[in-house]
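>>> need the 3D shape of this:
(chains A and B)
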Number of protein chains: 2
Amino acid sequence: MDNFLEAAIEEAKAGLAEGGIPIGSVLVYKDKIIGRGHNRRIQKGSTILHAEIDAIENAGREYVPFFKESRLYTTLSPCSMCTGAILLYKIPHVIIGENQNFRGEEELLESRGVKVDVINGIECVNLMKDFILNNPELWNEDIGEK
Amino acid sequence: MDNFLEAAIEEAKAGLAEGGIPIGSVLVYKDKIIGRGHNRRIQKGSTILHAEIDAIENAGREYVPFFKESRLYTTLSPCSMCTGAILLYKIPHVIIGENQNFRGEEELLESRGVKVDVINGIECVNLMKDFILNNPELWNEDIGEK
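Below you'll find the predicted structure:
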């Protein structure tokens, strides 16, 4: 498996170990991770810190000019908010660990010229499947279905 | 002028007074402000805290179930990231102070059933016009054009 998707999975597992929702993401510029993050809804009481948003925030302002040449790895298909952040910063390539438990705005990304690769790796699928099964309320809150 | 748009303008001015980008937003549920915020790019070194995102974050998790019956006021037409957050949480109505200095994803919002009202009030227009004129680099960073 791609090392960077592995890094995103590590982030997801770190979130789970903190009692959080197991979704992780890394932002990669020229084969270097410039931002990493995971969902912090529970940990920080946050309505906005999805994994991808957290990774973009953690990259920091100095890297903004490089976002348009970066790749975003995320363990789960990005929701509309994270998709919007990808479009705002013109991130040209998104690698998605899985879209079986949740399918976000992949079509919108592609319609705007973003390259989307979906891996559907068993580790990503199982992380989310188990979490959703055990925490349906939290999951629904995270995707705005509550 | 609508009191809630006035509250969003107050937020924009508070941001300007802090040395920040003058964009403000409030989230309103049943005629009560449940979240208020302004752009914090400069103040917090943030890549993600646009005014609308800040307002949604400040509303907090306990209000998530009410987002879908709330109205979002923002002094400036929302970018794709903020549009995505509006769609994620199914906020059904967005009131925009102005779209002359920047026109965001109003069509995408409307195509998903969100009601969009554009006021184009002179105070909102001038706040942004002056800021952009004096800070073109910062502005371009904020809208992913850097």
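>>> A:Gly37 touches A:Ile23, doesn't it?
No: look at A:Gly37 against A:Ile23 with Cβ atoms under 8 Å: they stay out of range, at 9.4 Å. Using the backbone N, CA and C atoms, a C-beta is placed for each residue, glycine as well.
>>> more neighbours: which of these two?
For A:Gly37 versus A:Ile23, neighbours defined as other Cβ atoms under 10 Å in any protein chain shown are more numerous around A:Ile23 (32 against 26).
>>> can you pull the contacts of the more buried one?
A:Ala12, A:Gly15, A:His38, A:Asn39, A:His50, A:Ala51, A:Thr74, A:Thr75, A:Leu76, A:Met128 (Cβ atoms under 8 Å, 6 or more residues apart in numbering or on different chains).
>>> could you rerun that using 7 Å?
A:Ala12, A:Gly15, A:His38, A:Asn39, A:His50, A:Ala51, A:Thr75, A:Leu76 (Cβ atoms under 7 Å, 6 or more residues apart in numbering or on different chains).
>>> now tabulate those residues in JSON lines and tack on distance to chain B.
Below are those laid out as JSON lines (distance: Cβ to the nearest Cβ, whole Å):
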{"residue": "A:Ala12", "distance to chain B": "19"}
{"residue": "A:Gly15", "distance to chain B": "16"}
{"residue": "A:His38", "distance to chain B": "15"}
{"residue": "A:Asn39", "distance to chain B": "13"}
{"residue": "A:His50", "distance to chain B": "9"}
{"residue": "A:Ala51", "distance to chain B": "12"}
{"residue": "A:Thr75", "distance to chain B": "18"}
{"residue": "A:Leu76", "distance to chain B": "14"}
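>>> just to revisit the earlier point, find residues that contact each of A:Gly37 and A:Ile23.
In contact with both A:Gly37 and A:Ile23: A:Ala51, using Cβ under 7 Å, 6+ apart.
>>> related to what we said a few turns ago, from the contacts of A:Ile23, which would you call buried?
Buried by 16 or more other Cβ atoms under 10 Å in any protein chain shown: A:Ala12, A:Gly15, A:His38, A:Asn39, A:His50, A:Ala51, A:Thr75, A:Leu76, out of the contacts of A:Ile23.
>>> what is the neighbour count of the closest residue to chain B within chain A?
Nearest residue of chain A to chain B (Cβ to the nearest Cβ) works out as A:Gly84 at 2.5 Å. Counted with other Cβ under 10 Å, residues neighbouring A:Gly84 total 29.
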